[in-house]
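**Student:** Attaching a predicted model along with its sequence, questions to come.
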Amino acid sequence: MSRAVIDGSSYILVHGPNTLKIGGSTQLQAKKNEDYEYLDSLEDNLRSFQECVKYAPNQAYIGNILPEELEEIDRPWYEEDNLLEEDRFSPRGEMMPENEFYALLQHVDVFDLVFLSEEFVEDIQGDISEHPVLGDDIELEGSEIEDIEELIEEGRAEPLRWQGELVGCVKEAHGSDENLSAHVILENLMAKASGVLAMKNLGFRQDVPLDEVDYIIECSEEACGDINQRGGGNFAKAIGEIAGCDNATGSDVRGFCAAPAHALMQASALVEAGIYERVAVVGGGAVAKLGMNGKDHIEEGMPVLEDTLGGFAFSVSRDDGESPVLRTDVLGRHTIGRGSSPQAVISALVTDALDKAGLALSDIDKYSVEMQNPEITEPAGAGNVPQSNYKMIAALGVKRGDIEKADMMDFVAEHGMPGFAPTQGHIPSGVPFVGPAAEMMEEDKLEKALIIGKGSLFLGRMTNQFDGISFILEKNDGAPVEEEKVDRDEIRGIISGVMRNMADNLREEAGEE
């Protein structure tokens, strides 16, 4: 049996200040409650694309710097003096401005639901044609601005704006089915488009042959469908169709924030079992979470930092002797009977897994848990989420006798890292470190990382359960496990012998009767 490895990873961010205003759940609630003071204040507290690009946590997420380098940059990271001079592109992905994303949005739309004005199309066609990943694939179609305005005035479409001007809209797909309303179609098309961008970057920047992908697992927090089967749709094949994965099939996995870790384990199992040779795991962004903590940021005199849609894609394939290995023999699982206290969850996902492998907490070089950017969560009262998790892991280590109490914070510093991912639910949950871990392993800076996905199932009001799964990502020892050659004649002989014995036994029993 061949081991499964991750031989490619990509990370993308899409700057979405205008989408934030029309699609983010906090802004929608403010509009419903007529909180115009907050809505009016948004305009002066949104970042430009260049500010978004230069923001250090964003640079860490797309892969231009390692997460540990954030420790060398003063906070607040959003202040002008602490911004970085970095590129919007990276070895693993990119950041995309909103106008280019609108062009991609129309490109991934196969039901003619995205309308862009003729003037906007004329302005953006040249820029999008020069995009290194998308290039000449995108041919846009313009519409009369009056037709776009009419759809919006009739309440049948969501507006798309750029630099204060109306440039397009997303139309409803059905007149009475709320599951196909303009708002839901906007959310789903943006999840699809950001997933496509991540997948295309996986192929272009990581040299992953997308036409050799056999299976796709999509693991975002969105769900598509109509009135009869709501979340029953398939983002995986929708993304693969546009990204060029012509030889793949696929399906979606949902598990709130823990879904990416579940998806990677399922992908590795499919590869190890020999069912597929290459499986892609992909997740697009969540529009609803744009500006989720916007009120708290503005009250603290900060820019609204939740202004990006996140996305990622991974290639899981057979052992190549070089890429990081997914240890499917060492899994942490939060089982139904375990309980949902923070200690129970961390014990199930960390110490149980390490005990199976005979490892101490200090044998794991880095832990990747909930890697939310603390500058986003602290103003909202949620504190520094990664650091809280690391402290809890260290406390368990003290209880087990792996760590002295006086060494807890040293353990946190050595085995943790600053949070750097946007708060998009599934985006920060463990998997943002897969790419950096591979880079560090290649440079002999890392041997083992524990990737931990955690999910809040109770948010769906179907159960009070928590959820989670974890796995070890390990530096490849350079010795791929060879598959055992099957001697077909030997197998046939064994089967024939078993069948003869069964027949003899049946005859003997019949004779006795």
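**Tutor:** Arrived safely. Numbering: from 1, shown residues only.
**Student:** all strands of the stretch 151-300 of the chain, in order?
**Tutor:** Remark: strands assigned in the stretch 151-300 of the chain by DSSP state E, counting those that start in this stretch are 157-162, 165-171, 215-218, 249-252, 278-283.
**Student:** isn't Gly397 right up against Lys405?
**Tutor:** No. The pair Gly397 / Lys405 is not scored as a contact, 9.6 Å apart, by Cβ atoms under 8 Å. C-betas here are computed from N, CA, C, even on glycine.
**Student:** Please identify which of these two sits among more neighbours.
**Tutor:** Taking neighbours as other Cβ atoms under 10 Å, Gly397 and Lys405 compare with Gly397 leading, 22 against 10.
**Student:** low-scoring pLDDT stretches of the protein, where are they?
**Tutor:** Residues of the chain meeting the criterion pLDDT under 70: 480-499, 502-503, 505-506, 509-513.
**Student:** hey, where'd the strands end up in it?
**Tutor:** Secondary structure of the chain (DSSP state E): strands at 4-15, 93-96, 114-117, 142-143, 157-162, 165-171, 215-218, 249-252, 278-283, 308-318, 325-333, 366-368, 448-455, 467-474.
**Student:** quick one: the longest one to strand 448-455, angle?
**Tutor:** Read that as strand 4-15. Strand 4-15 and strand 448-455 meet at an angle of 60 degrees, taking axes from the mean of the first three to the mean of the last three Cα atoms, to 10 degrees as the criterion.
**Student:** Most tightly packed of the strands of the stretch 151-300 of the chain?
**Tutor:** Stretch with highest mean neighbour count among those: strand 278-283 (a mean of 30; mean count of other Cβ atoms under 10 Å).
**Student:** Let me see the contact set for the residue nearest to Met409 when sequence neighbours are not counted.
**Tutor:** Nearest residue to Met409 in three dimensions, chain neighbours excluded: Ala394, at 7.7 Å (Cβ to Cβ, 6 or more residues apart in numbering). Contact analysis of Ala394 by Cβ atoms under 8 Å, 6 or more residues apart in numbering lists 361, 403, 408-409, 411-412.
**Student:** is it true that Pro132 touches Arg88?
**Tutor:** No. Using Cβ under 8 Å, Pro132 makes no contact with Arg88, being 10.7 Å away.
**Student:** between those two, which one's more packed in?
**Tutor:** Set Pro132 next to Arg88 and count neighbours by other Cβ under 10 Å: Arg88 wins out with 20 against 11.
**Student:** Please name the residues that touch the more buried one.
**Tutor:** 53, 94-96.
**Student:** Return the distance of it relative to Leu13.
**Tutor:** Noted for Arg88: a distance of 9 Å to Leu13, by Cβ to Cβ, to the nearest Å.
**Student:** Now do the helices in the stretch 151-300 of the chain.
**Tutor:** For the stretch 151-300 of the chain, the helices defined by DSSP state H, counting those that start in this stretch cover 182-206, 235-243, 259-272, 294-299.
**Student:** what's the closest of the ones you listed to Asp147?
**Tutor:** Checking the helices of the stretch 151-300 of the chain against Asp147 by Cβ to Cβ gives helix 182-206 as the closest, at 14.8 Å.
**Student:** where does the closest one sit relative to the chain's centre, distance-wise?
**Tutor:** Centroid separation between helix 182-206 and its chain, computed with Cα atoms, centre = their mean, to the nearest Å, is 11 Å.
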